[in-house]
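1. pasting the sequence and the predicted model now:
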Amino acid sequence: SFAAPVVVPEGSEDIETTFEEFYTLRGEPYDDSEFSGRSDYQAFIDNGIPSGGLFTGAEEVKTPEQQALWGGVAGESFDQCYHQECDDLDNLDTHALEVNADAVAYSVLTYAASTEAVNGVVGSRVPGRFLVPAPAGPEYTFAGPLGGGGGDHAVSAG
């Protein structure tokens, strides 16, 4: 939902979809974030490697829609302690940590089995019997009937 200020390597959108599928499966709201290359993944982008990741807001200013999903205050940053002295374990949102750690584990399992959707290399089927839903929708999406949200955090994929 953002115009990317960097080249988006082919296959990167599938990584975003994988994370969004996970949030939908878990019933967690999610939001898009800009594919900017401002973090550790710039080196992958520079080399044409499909890239994606998770972002929980940091210094980004929260919108009224995001406040409705995750609490906090619209017009203020998601994390008042981002890169500040108070950015320590007392500032940890354990729900956001749990959800995002699970999202990473889900994507690692998915791509350990097969990277076909990202780069065309056929792998194997992920073991187990469960259906993975399509992403619930675009930004500000409350995913699924299981509830979700809570706390002052964001779950985003991009």
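-> Yes, it's here. Numbering: from 1, shown residues only.
2. what helix or strand is the residue of the chain positioned farthest from its centre located in?
-> No residue in the chain sits farther from the centre than residue 85, which is 25.7 Å out by CA atoms, centre = their mean. Assigned by DSSP states H and E, residue 85 belongs to no helix or strand.
3. gap between it and residue 68?
-> Distance, residue 85 to residue 68, using CB to CB, to the nearest Å: 30 Å. For glycine as for every other residue, the C-beta is placed from the backbone atoms N, C-alpha and C.
4. which parts of the protein are strands?
-> 31-32, 54-55, 156-157 (DSSP state E).
5. any low-confidence regions in the protein?
-> 1-2, 130, 138-158 (pLDDT under 70).
6. and the lengthiest helix in it, what does it pack onto?
-> Longest helix of the chain, by residue count under DSSP state H: helix 94-113. When contacts are defined as 3 or more CB pairs under 8 Å, 6 or more residues apart in numbering; DSSP states H and E, helix 94-113 sits against helix 12-26, strand 54-55.
7. so for residue 119, which of these sits nearest?
-> helix 12-26 (9.0 Å; CB to CB).
8. output that closest one as CSV, nothing but the C-alphas.
-> C-alpha atoms of helix 12-26 as CSV (Å, rounded to 0.1, in the frame of the first residue of the first chain):
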residue,chain,number,x,y,z
SER,A,12,9.3,-9.9,-1.8
GLU,A,13,5.6,-9.5,-2.0
ASP,A,14,5.1,-13.2,-1.3
ILE,A,15,7.1,-12.8,1.9
GLU,A,16,4.7,-10.0,3.0
THR,A,17,1.7,-12.3,2.1
THR,A,18,3.2,-15.1,4.2
PHE,A,19,3.3,-12.9,7.2
GLU,A,20,-0.2,-11.6,6.5
GLU,A,21,-1.5,-15.2,6.2
PHE,A,22,0.0,-15.9,9.6
TYR,A,23,-1.7,-12.9,11.3
THR,A,24,-5.0,-13.9,9.6
LEU,A,25,-4.6,-17.5,10.9
ARG,A,26,-3.9,-16.2,14.4
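9. and the residue nearest to residue 114 when sequence neighbours are not counted, what does it touch?
-> Distances taken as CB to CB, 6 or more residues apart in numbering place residue 123 nearest to residue 114, at 2.7 Å, with adjacent residues excluded. Listed by CB atoms under 8 Å, 6 or more residues apart in numbering, the contact set of residue 123 reads 113, 114, 115, 116.
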